[in-house]
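Trainee: No sequence on hand, only this structure:
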């Protein structure tokens, strides 16, 4: 589904729910690690975030990480990168 056809207010609601879900994943010890672009797949930035009937969803590109696997320090670095990418996605999603 092409989200550009929807009003910004609707996109803001979807984005709020998506950000809440991302924070819940982080709190559960999971980080996606590639919001900006799918690994080894050409295309536009954020091609791995799709609008579905259930809202915004990730394509799992296989490089996600669990806190228990990588340790606290590395996990927090991954989360920091992901939060920066989320800010970029927010601008992309709302202003396109």
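Mentor: Structure received. Being a predicted model, the structure only gives us computed values, none of them experimental. Numbers count the residues shown, from 1 in each chain.
Trainee: ok, and the closest non-adjacent residue to residue 96?
Mentor: residue 4 (5.8 Å; Cβ to Cβ, 6 or more residues apart in numbering). No exception for glycine: its C-beta is placed from N, CA and C like everyone else's.
Trainee: so the one you found sits in a helix?
Mentor: Yes - assigned with DSSP: H, G, I helix; E, B strand; the rest coil, residue 4 falls within a helix.
Trainee: isn't it right next to residue 94, touching?
Mentor: No - judged on Cβ atoms under 8 Å, residue 4 makes no contact with residue 94 at a distance of 10.6 Å.
Trainee: If you count surrounding residues, which of these two has more?
Mentor: The residue with more neighbours, out of residue 4 and residue 94, is residue 94; 12 against 9, by other Cβ atoms under 10 Å.
Trainee: I'd guessed the more buried one sits against residue 11; true?
Mentor: Yes - Residue 94 is in contact with residue 11 according to Cβ under 8 Å; the separation is 5.8 Å.
Trainee: Give me the residue ranges of this protein where confidence is low.
Mentor: Along the chain, segments meeting pLDDT under 70 span 1, 38-42.
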